[in-house]
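K.L.:
Next input, structure requested:
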Amino acid sequence: MKKSIVLLVLFLFFLQSCTSQIYMQPQDLANVVQTKEFVFVAKRANPTNYAVINSINAIPNATATRVLDLDNGYGISFKKNEISVVLPYFGRSYQAPINTDQVSFRFVSKDFSMTQSSGKKNKTVFTIVPNDVRTISKIYIEIYPSGSAMVSIDSNDRQPISYDGYIEKLPTEKK
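P.N.:
Numbering: from 1, shown residues only. Model prediction:
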């Protein structure tokens, strides 16, 4: 009897951990996608360079994973006439940066094109091409119905990298 209760509790715990998290209500998500004004909050970075992954896995007591959890403050802000990007970079750069500000993705673009399309499973896909940032060729954002999102950045001088996170409403500015 005790064994079956323990198994039932473990099963319920497992079932609870498998549920998906809703980051934004569907009507709010539809509004921010329609206006194209929102914030992508990055929670994890997914590098593609195996040298970085092997270095991470060589750390004592580290879990064997290729996902890097990020602190608060990283993301992309989308406004009507401006995109502001603050994201770390882990991977191979094909050109050495001139200063340390160029190691990560930190830029503001005011000249860009943004196209929207629908993907499988009701996701929305944005493709952004910044025209005034020479090192970035494209930014892809996949927004899922739960409010979670994935960003992939294709760069002209670095290996691609992706980020997992979620969508938030753009904070209102106080005047």
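K.L.:
And the strands in this structure?
P.N.:
Secondary structure of the chain by DSSP state E: the strands cover 38-47, 68-69, 75-78, 83-87, 105-109, 112-118, 124-130, 136-143, 148-155, 161-169.
K.L.:
and the ones you listed as CSV, adding mean neighbour count?
P.N.:
Placement of C-beta: from N, CA and C, glycine included. Putting the strands of the chain into CSV (neighbours: other CB atoms under 10 Å) gives the following:
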stretch, mean neighbour count
strand 38-47, 20
strand 68-69, 12
strand 75-78, 22
strand 83-87, 19
strand 105-109, 17
strand 112-118, 11
strand 124-130, 18
strand 136-143, 20
strand 148-155, 20
strand 161-169, 20
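K.L.:
weakest of the ones you listed in terms of mean pLDDT?
P.N.:
Looking at the strands of the chain, the lowest mean pLDDT belongs to strand 68-69 (a mean of 80).
K.L.:
Quick one: list the elements packing against that one.
P.N.:
On a contact count with 3 or more CB pairs under 8 Å, 6 or more residues apart in numbering; DSSP states H and E, strand 68-69 meets strand 38-47.
K.L.:
List the contacts of the strand it packs on.
P.N.:
Identification of contacts with strand 38-47 by CB atoms under 8 Å, 6 or more residues apart in numbering yields 32, 53, 66-70, 74-78, 87-88, 90-91, 141, 149, 151, 159, 161-171.
K.L.:
Put the alpha carbons of it into CSV.
P.N.:
What follows is strand 38-47, C-alpha atoms only, in CSV (Å, rounded to 0.1, in the frame of the first residue of the first chain):
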residue,chain,number,x,y,z
PHE,A,38,7.2,43.9,-27.2
VAL,A,39,10.2,42.7,-25.2
PHE,A,40,11.9,39.4,-25.6
VAL,A,41,13.4,38.4,-22.2
ALA,A,42,16.3,35.9,-22.7
LYS,A,43,16.6,33.2,-20.1
ARG,A,44,18.9,30.7,-21.8
ALA,A,45,21.6,30.8,-24.5
ASN,A,46,22.2,27.9,-26.8
PRO,A,47,25.7,28.1,-28.4
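K.L.:
Please report the distance of the residue lying closest to residue 90 once chain neighbours are set aside from residue 156.
P.N.:
Spatial nearest neighbour of residue 90, chain neighbours left out: residue 47 (4.1 Å); criterion: CB to CB, 6 or more residues apart in numbering. Counting by CB to CB, to the nearest Å, the gap from residue 47 to residue 156 is 18 Å.
K.L.:
One more: residue 84?
P.N.:
Computed with CB to CB, the distance linking residue 84 and residue 156 is 20 Å.
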